[in-house]
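> any chance you could fold what I've pasted below:
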Amino acid sequence: MDHNFFAMRARMKYINRWALMRNTQTENLGEHSNDVAAIAHAIATLHNLRFGGNVNADRAAVLGLYHDMPEIITGDMPTPVKYHDETLRQAFQAVEVQACETLLAMLPDDLRGVYRSCFFHADADAELWKIVKAADKIAALMKCIEEQKAGNTEFDRALAATRQSIDAMDLPAAAAFLQEFLGGFYLSLDEQNA
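Predicted coordinates:
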């Protein structure tokens, strides 16, 4: 029997993010998920090495890789719409749960349990999911910076709001990531190589 999970995952490249915003460069869900996985791994590593944490950085990367996969089915719902009010938020949450179940059904039975934990937040992974959420926000912040550098003021308010939401998370490892790595996104290629 054929299983379509990974064929569906490959379609992440067809789902564009930031649909309501004018973009100088489109960003797809696959690119975003790759960024989130790498950033989540780094934040988890910083958390362990500098802040006394004890989380699985590799697991953080895996959760980051799959965190938005249900959007293959639901599309990327713009934040202002998704969180407009509680009724919409709950309705969209139910749609996301159904999308996750649909994707899981595309796996062989013996793999579903493993992948289920990549979609649904288990208490055992609560600390990791917080790290993935921070990584998700940082990836969005990086996109905002890239758009600003290209002269696109459309992302100015998104940048400020995203930075504020990251700071409000009060996650020291995320703050360390921003302090040490965010500046490079403001530099040109030549400046980054200097």
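> and for stretch 183-194, what are the contacting residues?
The contact list for stretch 183-194, computed with C-beta atoms under 8 Å, 6 or more residues apart in numbering, reads 142, 145-146, 149. Yep, even glycine has a C-beta here, placed from its N, CA and C like the rest.
> so which of those sit within strands?
Taking DSSP state E, every one of these sits outside strands.
> show me how to select, in ChimeraX, the buried members of the residues you listed.
Here is the ChimeraX command that selects only those of the contacts of stretch 183-194 that count as buried (16 or more other C-beta atoms under 10 Å):
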select :142,145,146
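> show me where this structure has helices.
Assigned by DSSP state H, the chain shows helices spanning 5-9, 29-50, 57-66, 71-74, 79-82, 86-104, 109-119, 126-149, 156-168, 172-181, 189-193.
> okay, those in JSON lines with distance to residue 16 and mean pLDDT next?
Putting those into JSON lines (distance: least, C-beta to C-beta, whole Å; pLDDT from 0 to 100) gives the following:
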{"stretch": "helix 5-9", "distance to residue 16": "16", "mean pLDDT": "96"}
{"stretch": "helix 29-50", "distance to residue 16": "8", "mean pLDDT": "98"}
{"stretch": "helix 57-66", "distance to residue 16": "19", "mean pLDDT": "97"}
{"stretch": "helix 71-74", "distance to residue 16": "10", "mean pLDDT": "92"}
{"stretch": "helix 79-82", "distance to residue 16": "15", "mean pLDDT": "65"}
{"stretch": "helix 86-104", "distance to residue 16": "17", "mean pLDDT": "90"}
{"stretch": "helix 109-119", "distance to residue 16": "22", "mean pLDDT": "94"}
{"stretch": "helix 126-149", "distance to residue 16": "12", "mean pLDDT": "97"}
{"stretch": "helix 156-168", "distance to residue 16": "16", "mean pLDDT": "96"}
{"stretch": "helix 172-181", "distance to residue 16": "25", "mean pLDDT": "98"}
{"stretch": "helix 189-193", "distance to residue 16": "25", "mean pLDDT": "90"}
